[in-house]
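[1] pasting the structure only:
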């Protein structure tokens, strides 16, 4: 059964996120605006996104939800993240 690819930024949702492939993810605020974009390797998705929750070591202020897009490789995820960052100019990707 595939994991979730979107949801609120909380422990329950993060535990259910797809973790079997590399991914690019967007952290969204309450208005649905992309405030942070990142790329992550297979098997590290849940761990990395948990760092962005309130109280996490890389917490994103105002983070409300996460959107995840799986990719075949981490290189592909990084390339996609770079395009998204250039397009959206997320506040915390500075």
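    That came through fine. Since the model is a prediction, treat every value here as computed from it, not as a measurement.
[2] Please make it C-alpha for all contacts and neighbour counts, starting now.
    Will do.
[3] From residue 63, how far off is residue 4?
    18 Å (C-alpha to C-alpha, to the nearest Å).
[4] In terms of neighbours, single out the busier of these two.
    A direct count of neighbours by other C-alpha atoms under 10 Å for residue 4 and residue 63 places residue 63 higher, at 24 against 15.
[5] In this model residue 28 seems to touch the more buried one, though I could be wrong.
    Yes: counting by C-alpha atoms under 8 Å, residue 63 touches residue 28, with 5.7 Å between them.
[6] shared neighbours, those two?
    residue 35 (C-alpha atoms under 8 Å, 6 or more residues apart in numbering).
[7] which residues touch residue 4?
    Taking C-alpha under 8 Å, 6+ apart as the test, what residue 4 contacts is 13, 16, 17, 18.
[8] Please enumerate the strands of the chain.
    Ranges of strands within the chain are 6-8, 22-28, 34-40, 65-71, based on DSSP state E.
[9] so what's the most centrally placed residue in the chain closest to, chain neighbours aside?
    The chain has residue 25 as the residue nearest its centroid, 2.9 Å off, counting by C-alpha atoms, centre = their mean. Distances taken as C-alpha to C-alpha, 6 or more residues apart in numbering place residue 68 nearest to residue 25, at 4.4 Å, with adjacent residues excluded.
[10] Now do the same contact list for the one you found.
    5, 6, 23, 24, 25, 26.
[11] Mind putting the residues you listed into a markdown table with pLDDT and distance to residue 32?
    Output for these, formatted as a markdown table (pLDDT from 0 to 100; distance: C-alpha to C-alpha, whole Å):
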| residue | pLDDT | distance to residue 32 |
| --- | --- | --- |
| 5 | 90 | 15 |
| 6 | 91 | 12 |
| 23 | 97 | 20 |
| 24 | 97 | 17 |
| 25 | 97 | 14 |
| 26 | 97 | 10 |
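[12] if we can go back for a sec, in this structure the residue nearest to the centre of the chain contacts residue 39, no?
    Yes: contact criterion C-alpha under 8 Å: residue 25 and residue 39 qualify, at 6.3 Å.
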